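J.: Dropping a prediction and its sequence here:
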Amino acid sequence: MMLTPMSVLGNIAFQALSMTVLGAFCWMVYTYRGQVVRCLKSTVAFSRATNPRPGAVAVYENFLATALSLGAISTGLAAVKGIVWLAETGAIVSVTTEALPVWVAPVAAGGVAMTAAVVVMMEMGILKAVGKLTFSQKFTDEIVTVKKNWMAAASILTVPLVAMWTGVNPERDIILAYMIAGMIITLFILFATHTLRGFIRQKISLLVWFLYLCAVEIFPVCAVVIAVARNL
C-alpha cells in the first residue's frame with residue numbers, strides 16, 4: 001500500500017493519525033470481539049434494543065464508547081480529505097491547499113470529530129428530553145440504544161475503509177469514496193427502517209416518525225454541513 005495521498009494530506013502527522021485510528025480499530029475488534037459480534041447481530045437482525053446481562057454492561061458500554069470515538073475521528077479524517085480532494089480538483093475554488101503547515105489537516109480532523117460528537121450528544125439529549133416531556137422515556141431510551149448500536153456498527157464497517165481512503169494511492173480514491181458513501185447511505189436507510197419498526201410496534205403515527213427522522217437525525221447534520229459549506 002502506497003502512502004502517497006494528496007499534497008496537504010501527504011504529511012506524517014495526518015498519515016500517523018490515520019494509521020493510529022486503524023491500529024486502534026484492530027485493537028478494539030480483538031479486545032471486544034464478543035461485543036462486536038453482538039452489536040452487528042443486533043443491528044442486522046433488527047432486534048429490539050436490550051441491555052446485556054448486568055455483569056457485561058460496563059464492558060459493552062466501554063466497547064460502544066471506543067467504537068463511537070473511532071467513528072468520530074474517522075468522520076474528521078474523511079471530512080478533511082473530502083474537502084482537500086474537492087479543492088485540489090477545483091470543485092471548491094475558495095479553498096487553497098498550497099503551503100499549509102503539516103499540523104493543519106490533523107487539527108482540522110480533530111475539530112470535525114469534536115463537532116460530530118457534539119451533534120450526536122445533542123441528538124440524544126433531544127430524544128431524552130422528548131421522552132420526559134411526553135412520558136415515553138422508556139421508548140426514547142430504546143431509540144437512543146438503537147442509535148448507539150447502529151453508530152457502533154457503522155464504525156465497525158467504515159473505519160477501516162476511511163483509514164485506507166486517507167492513506168492509499170490516489171488512483172483508488174474514487175473507488176473507496178464510492179464504497180464509503182454507499183455504505184453510509186445503506187446503513188442510514190437500515191437504521192431508519194429499524195426505528196420505523198419501533199414506532200410501528202408502539203403504534204405511533206408514521207408522521208411522528210417522519211418528524212423525528214427529519215428533526216433529530218437529518219436536520220442537525222445538514223445544519224452543520226451547510227454552515228461549513230458557506231465558509232468554504
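T.: Everything's here; your move. Numbers count the residues shown, from 1 in each chain.

J.: Next, the buried residues of the helix ranked longest in the chain.
T.: In the chain, taking DSSP state H as the definition, the longest helix is helix 57-88. Judged by neighbour count (16 or more other CB atoms under 10 Å), helix 57-88 contains these buried residues: 60, 63-64, 66-85, 87-88. The way it works is simple: take the backbone N, C-alpha and C, and place the C-beta from them, glycine included.

J.: what helices or strands is it leaning on?
T.: Counting contacts by 3 or more CB pairs under 8 Å, 6 or more residues apart in numbering; DSSP states H and E, helix 57-88 packs against helix 12-31, helix 33-44, helix 104-133, helix 137-165, helix 173-201.

J.: and those helices as TSV, adding distance to Ala229 and mean pLDDT?
T.: Putting these into TSV (distance: least, CB to CB, whole Å; pLDDT from 0 to 100) gives the following:
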stretch	distance to Ala229	mean pLDDT
helix 12-31	22	91
helix 33-44	31	89
helix 104-133	13	91
helix 137-165	21	92
helix 173-201	17	90
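
J.: Figure out which of the ones you listed is closest to Phe210.
T.: Set against Phe210 and scored by CB to CB, the helices and strands packed on helix 57-88 come closest in helix 173-201, at 9.3 Å.

J.: Next, the angle from that closest one to helix 137-165.
T.: Using axes from the mean of the first three to the mean of the last three CA atoms, to 10 degrees, the interaxial angle of helix 173-201 with respect to helix 137-165 works out to 170 degrees.

J.: tilt between helix 173-201 and helix 33-44?
T.: Counting by the same axes, to 10 degrees, helix 173-201 points 70 degrees away from the direction of helix 33-44.
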